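In: sequence plus predicted model, see below.
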Amino acid sequence: MTNNKSFKNFLQIVRHPKVVIFMLVGIGIIFLTFLTDNNALEIAISGIASVFIGIAVNNFSIIDTHQTEENKLKPKIAHSLEMMYITINKIKRIQAEINGNDYIKNELTELEQYMRLAVELIKEAELT
């Protein structure tokens, strides 16, 4: 199962425009070596092709690393959101227990609003 998933991930990254364009340009340039009989020119053409293929490999590794980091970050964000919801509920319970002290109630209401704003900002950032 994991090998199949890894292979699908590999194909997905290879099909990314930043990878496939440079790879195809490099392969296309390599085919130019068939049109010449000059060994020095063939080496020069191969060198240019290797630059494009190297850029494709670099883009591949950047995209793969980014996806890996995102996958590690998603559970941490989910746990943070859950803790923020728990904090909001705790603030509501404390607010319900306070009798007569309007200043503290107002401060807790403001704190709850800040927490809700933080939750919304995290959710918004997570979608982009």
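Out: Cool, got the structure.

In: buried stuff in stretch 48-66?
Out: 49, 52-53, 55-56, 59-60, 63-64 (16 or more other C-beta atoms under 10 Å). For every residue, glycine as well, the C-beta is placed using N, CA and C.

In: from those residues, which single one is nearest residue 109?
Out: Nearest to residue 109, judged by C-beta to C-beta, of the buried residues of stretch 48-66 is residue 63 at 44.6 Å.

In: so the closest one touches residue 18, yeah?
Out: Yes - using C-beta atoms under 8 Å, residue 63 is in contact with residue 18, at 7.0 Å.

In: kindly check the end-to-end length of stretch 10-20 for me.
Out: Stretch 10-20 has an end-to-end distance of 12 Å (criterion: C-alpha to C-alpha, to the nearest Å).

In: actually, stretch 97-106.
Out: First residue to last in stretch 97-106 (C-alpha to C-alpha) measures 13 Å.

In: now do that stretch, average pLDDT.
Out: Mean pLDDT, computed over stretch 97-106, is 83.

In: just give me how far it sits from the chain centre.
Out: Here stretch 97-106 is found 43 Å from its chain centre; the criterion is C-alpha atoms, centre = their mean, to the nearest Å.

In: quick check: the nearest residue to residue 112 once chain neighbours are set aside vs residue 56, distance?
Out: Excluding the flanking residues, the one nearest residue 112 by C-beta to C-beta, 6 or more residues apart in numbering is residue 91, at 4.8 Å. Remark: distance between residue 91 and residue 56 (C-beta to C-beta, to the nearest Å) = 52 Å.

In: kindly report the same for residue 67.
Out: When residue 67 is compared with residue 56 (using C-beta to C-beta), they lie 17 Å apart.

In: where does the prediction get shaky in this protein?
Out: 1-2 (pLDDT under 70).

In: need the longest helix for it.
Out: helix 39-97 (DSSP state H).

In: beyond it, next helix or strand please.
Out: helix 102-127 (DSSP states H and E).
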